[in-house]
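In: model the following, please.
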Amino acid sequence: MTPDFEQSLIAIASAGDVGQLKTLLTTDQEPQSEQSLQKLLTTAAKGSHLDAINFLLSQYPYVPLDEEIVRAAVNTGSVPIFEALLARDPGVINMQFDRRGTPLIVACMGQQRFEYLKFLLEAGADPNQDPDAALFPLALAAGLYNDPTVIDLLLQHGARLERSGALAAAAWRGKVSMLRRLLDRGARLDADARDVGIHESPLHVAVKAGRVGVVKILLQHGADPSSTDANGTTAIEVAHQMTLQGKNMGEMLEVLRGSRVAWNE
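Out: So this is what the prediction gives:
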């Protein structure tokens, strides 16, 4: 396939013109490479062109679905498009992307709607699959969504609270409703860090983010203002350091000091 011909096909796939795509591909005498066909599938998926995707999948059943195709399909938020990929290869539901998670993680990062996340989970998406360099779906939901029912959905499908990083994610973003739902569902402050040995607690995270309201909630649920992170720094010391950097941490320090007094009584 010449570069010019490939670009013409990509433009047609981008427009979703199935008729012209059929004509050019079926009349061309030169066999199409897997790479070129994958580009066409990715382009059609990005444009949400289901008919073009179905044509390419049926016409070229031997072409493997690569990461770019699957990611493009997830980013559309279209159930029929992802169903078409699943019909070809059910394994794509838990495809491990190169340092960028899984279809469920990409969907959470893109803040896809509740119904789409439910579809992926019911299709077999694993909420506890190793996220590599990304965050677990539960942490992404806690930090990016506003509706606590998303947390309930993930937990219903087996997402683990322990070592998920979800409390820290909600604390960093100031997502009070998500934080409260996690705590109500049994999330533990001392078991939130994704990796054992990481000592930065949700409280430290909230202080660094300047989230006074979140800090108050965490303290009410037993967070210890005297506990230290991996550097041996307490949350109060973190607030002091931020004050030296020019941040207004007066209210934060007042809240933390008041809590420390209560802890020591």
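
In: phi, psi of the closest residue to Leu144 other than its chain neighbours?
Out: Nearest residue to Leu144, sequence neighbours excluded (C-beta to C-beta, 6 or more residues apart in numbering): Gln111, at 5.4 Å. C-beta here means a position set from N, CA and C on the backbone, and glycine is covered the same way. Main-chain dihedrals, Gln111, degrees, to the nearest 10: phi 50, psi 50.

In: for Gln111, give me the pLDDT.
Out: The confidence metric pLDDT takes the value 98 at Gln111.

In: quick one: low-confidence ranges for this protein?
Out: In the predicted model of the chain, residues 1, 29, 196-199, 260-265 satisfy pLDDT under 70.

In: touching, Cys108 and Leu140? I think so.
Out: Yes - Cys108 lies in contact with Leu140 (C-beta atoms under 8 Å); the separation is 3.8 Å.

In: give me the number of residues near the nearest residue to Asp51 once chain neighbours are set aside?
Out: Nearest non-adjacent residue to Asp51, counting by C-beta to C-beta, 6+ apart: Val18, 4.8 Å away. The number of residues packed near Val18 is 19, by other C-beta atoms under 10 Å.

In: can you give me the distance of Val18 to Ser36?
Out: The gap separating Val18 from Ser36 is 17 Å, by C-beta to C-beta, to the nearest Å.

In: could you list every helix and strand in contact with the helix or strand containing Asn75?
Out: Using DSSP states H and E, Asn75 maps to helix 67-76. Here helix 67-76 touches helix 34-46, helix 79-88, helix 103-109, going by 3 or more C-beta pairs under 8 Å, 6 or more residues apart in numbering; DSSP states H and E.

In: ok now do the residue nearest to Asp51, which residues does it touch?
Out: For Val18, the contacting residues are 49, 51-52, 55, by C-beta atoms under 8 Å, 6 or more residues apart in numbering.

In: 10 Å instead, please
Out: By C-beta atoms under 10 Å, 6 or more residues apart in numbering, the contact set of Val18 is 12, 44, 49-56.
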